[in-house]
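Colleague: quick check, what structure comes out for this input:
(one chain, ligands or ions: 2)
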Amino acid sequence: MNLTESLLLALKAHGARQIFGIPGDFALPFFKIIEESQILPLYTLSHEPGVGFAADAAARILGGLGVAAVTYGAGALNMVNPVAAAYAEKSPLVVLSGGPGKNESRAGLLLHHQAKTLDSQFQIFREITCDQVRLDDAERAPSDIARVLANCRRYSRPVYIELPRDMVAQACASVVAMPAAAVDDEALDACVEEIRARLQRASRPALMVGVEVRRFGLEARVAELARRLELPVVTSFMGRGLLADADAPLLGTYMGVAGLPEVTELVETSDGLFLLGVIVCDTNFGVSASKIDLRKTIQALDEQVTIGYHSYAQIPLTALVDRLLDRVPAASRSYSLAAHSFPCKMLADQAPLTPTDIAAAVNDLMAEHGKLPIASDIGDCLFTAMDIEHTALVAPGYYATMGFGVPAGLGLQAATGQRPLILVGDGAFQMTGWELGNCQRYGWDPIVLLFNNASWEMLRTFQPESRFNDLGHWGFAEMAAGLGGDGQRVGSRAALKAALDKAVATRGRFQLIELSIPRGVLSATLTRFVAGVKKLNA
Ligand SMILES: Cc1ncc(Cc2c([C@H](C)O)sc(CCOP(=O)(O)OP(=O)(O)O)c2C)c(N)n1
Ligand SMILES: [Mg+2]
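Modeller: Ligands and ions are numbered 1, 2, ... in the order given. This next block holds a predicted model:
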């Protein structure tokens, strides 16, 4: 077996199900082995940001590893932003980069794709990954790969693997997975007992679930725990979509002043707020009407549990949830809450479109045809998603990079085989929407809702006087056919309903519905968000 095959088998054993990539001369040798070995399917896309976002989304939706394969220099450095997004949002993404062979630097020439030194790329990725390795020693490679992939899964953060092109076909032993890190049983018990005592003492305990619950595949167990503890559950903004299909007392998504009043009230008045796998960041908490005193909460994140002024170290979320379930008796009755009612039954008349109409039309579509997993870009399309029924959702809710939506939708379909719904603004579509041109080769057929307000509208809400937020009119619908799909521009509710019905009925080609939204017409959530931020900053 050669080094690349050993690596591919290890990736598969650690939960990778496909590779997204763009080759280059430094990567051709290992791409050849990927293609010929058929250990993992390879999907090439058109621009490395799309490769990174697609691989990230595949990791998020499957709870496995996402794999992004690129060439050295121009390819890998083109993907820094998606890897940084994966790091910030705790997505287990593996970056495979080709690299110069051992002797190439000895010729004394600068190499093409070299930025500063031959090691610069490695140093850049050190900053946005939790572990890195250059596979320049076939003897050491199996243990190096085992360590790096174990850390990728354990910390749910990206890792960087550089494959010098003179190493990829070297004979190499298979990789033996590292055993899971030991957990101190007594510390775990003490931590669980203290959490239970805190929750029992609280008069208004509540559970907030965040991204780590999905990253470690804990949704069903956390739903069971919420039922047993009889805790109302909310998701963080980033955690939207969590527990969508679980039998859990889910109240909604916490968004402070921008969110549902009953959710805001529950979270901000709770005297026993249990943050499970929640990243404590501004998009999750920045819009709190009353500053939540985090010192009064229980926070479990990054293998640490903080209660008040003290912390328990090395308590993985899985071990914590499992031990809580061991200690909390099964519920005698099923505990559920009145589900929040979302906009629905859109009136299919000639009225112009608003984001709330779009959410209602999507809810009607899902009520009739079943839920669709959603990949959303940032912008008002993501705020609109807060009015869509709970369903699997991948979105860069915290790192907030544009360009995620379309490639992430392709990643979802590659990973799950399910047809996704993609929500994207016109500005973000201009960045990576062209990846739709790859759908035909792979038989992907997402339904794309393109929110066209001819504007960087989110920016305009903060700085309305700036004309540079005007994007002008791009004929996105007309471009769809050239990319191998079907496009339609709609400006009324009736036209939207008809376009969605046609899209659902058409399989095998992506369906792009360009939604003409009048300037300044915002979703209810973004309207509340902007008003809330202005009030908090006043
Ligand atoms: C890669 C990238 N570049 C720039 C930004 C800044 C930015 C926003 C965030 C605040 O940083 S929101 C926004 C406008 C988005 O426009 P569009 O996709 O059309 O959506 P909408 O019209 O709904 O706003 C920009 C440019 C970003 N988030 N990501
Ligand atoms: Mg826009």
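
Colleague: pretty sure Ser516 contacts Gly491?
Modeller: Yes. Applying Cβ atoms under 8 Å, one finds Ser516 in contact with Gly491, separated by 4.1 Å. Yep, even glycine has a C-beta here, placed from its N, CA and C like the rest.

Colleague: nearest to ligand 2: which residue in the stretch 301-450 of the chain?
Modeller: Closest residue of the stretch 301-450 of the chain to ligand 2, Cβ to the ion: Gly425 (3.9 Å).

Colleague: how many other residues sit next to that residue?
Modeller: Residues lying near Gly425 (other Cβ atoms under 10 Å) number 30.

Colleague: that one: what's its closest spatial neighbour, skipping adjacent residues?
Modeller: Excluding the flanking residues, the one nearest Gly425 by Cβ to Cβ, 6 or more residues apart in numbering is Gly379, at 3.6 Å.

Colleague: cool, and Asn452?
Modeller: Distances taken as Cβ to Cβ, 6+ apart place Asp426 nearest to Asn452, at 4.5 Å, with adjacent residues excluded.

Colleague: over to Ile19?
Modeller: In space, Ile19 is closest to Val67, 4.4 Å off (Cβ to Cβ, 6+ apart).

Colleague: so what's that neighbour up against?
Modeller: Neighbouring residues of Val67 by Cβ atoms under 8 Å, 6 or more residues apart in numbering: Leu11, Ala16, Gln18, Ile19, Phe20, Leu40, Ala55, Leu93, Val94, Leu96.

Colleague: quick one: neighbours of the first one, just the number.
Modeller: For Leu11, the number of neighbouring residues by other Cβ under 10 Å comes to 25.

Colleague: can you give me phi and psi for it?
Modeller: Main-chain torsions, Leu11, degrees, to the nearest 10: phi -60, psi -40.

Colleague: that one contacts Val94, doesn't it?
Modeller: Yes. Using Cβ under 8 Å, Leu11 makes contact with Val94 at a distance of 6.5 Å.

Colleague: now for the two: what residues contact both?
Modeller: Shared contacts of Leu11 and Val94 (Cβ under 8 Å, 6+ apart): Leu65, Val67, Leu149.

Colleague: ligand 1: which of those residues is nearest?
Modeller: Val67 (22.5 Å; Cβ to the nearest ligand atom).

Colleague: now that closest one: how far from Val159?
Modeller: Per Cβ to Cβ, to the nearest Å, Val67 is found 10 Å from Val159.

Colleague: what do you get for Asp136?
Modeller: From Asp136 to Val159 the distance is 17 Å (Cβ to Cβ).

Colleague: of those two, who's got more company?
Modeller: Each of Asp136 and Val159 has its neighbours counted (other Cβ under 10 Å); Val159 has more, 26 against 17.

Colleague: show me what contacts the more buried one?
Modeller: By Cβ under 8 Å, 6+ apart, the contact list for Val159 reads Leu93, Val94, Val95, Thr129, Cys130, Asp131, Gln132, Val133, Val148, Leu149, Asn151, Cys152.

Colleague: just give me the neighbour total for the first one.
Modeller: The one in question is Leu93. Residues within reach of Leu93, counting by other Cβ under 10 Å, total 31.

Colleague: let me know the pLDDT of it.
Modeller: pLDDT recorded at Leu93 is 98.

Colleague: would you list the phi and psi of it?
Modeller: With angles defined as degrees, to the nearest 10, Leu93 sits at phi -100, psi 130.

Colleague: nearest spatial neighbour of whatever residue of the stretch 151-300 of the chain ends up closest to ligand 1, skipping sequence neighbours?
Modeller: Of all residues in the stretch 151-300 of the chain, Thr283 sits closest to ligand 1, at 10.0 Å by Cβ to the nearest ligand atom. Once flanking residues are discounted, Thr283 sits nearest to Tyr398: 4.9 Å by Cβ to Cβ, 6+ apart.

Colleague: that neighbour and Met238 touch, don't they?
Modeller: Yes. At 4.9 Å, Tyr398 counts as touching Met238 under the criterion of Cβ under 8 Å.

Colleague: name whatever forms a beta bridge with the residue nearest to Ile19.
Modeller: Counting by DSSP bridges, Val67 forms beta bridges with Val94.

Colleague: how much space between it and ligand 2?
Modeller: Look at Val67 and ligand 2: by Cβ to the ion, to the nearest Å, they are 32 Å apart.

Colleague: how much space between that residue and Gly98?
Modeller: To Gly98, Val67 is 14 Å away according to Cβ to Cβ.

Colleague: residue nearest the centroid of this structure?
Modeller: Centroid check for the chain by Cα atoms, centre = their mean gives Val394 as the closest residue, at 4.2 Å.

Colleague: and that residue, what's its pLDDT?
Modeller: 97.

Colleague: just confirm it contacts Asp377, I think it does.
Modeller: No. Judged on Cβ under 8 Å, Val394 makes no contact with Asp377 at a distance of 10.5 Å.

Colleague: which residues do these two both contact?
Modeller: What both Val394 and Asp377 touch, as defined by Cβ under 8 Å, 6+ apart, is an empty set.

Colleague: mind listing what's buried in the lowest-mean-pLDDT helix or strand in the chain?
Modeller: Across the helices and strands of the chain, mean pLDDT, DSSP states H and E gives its lowest value to helix 282-285, namely a mean of 82. Applying a neighbour-count criterion of 16 or more other Cβ atoms under 10 Å, one finds Thr283, Asn284, Phe285 buried in helix 282-285.

Colleague: and stretch 12-26, by the same measure?
Modeller: 12, 14-24, 26.

Colleague: give me the distance from it to the chain's centre.
Modeller: Distance of stretch 12-26 from the chain centroid (Cα atoms, centre = their mean, to the nearest Å) equals 18 Å.
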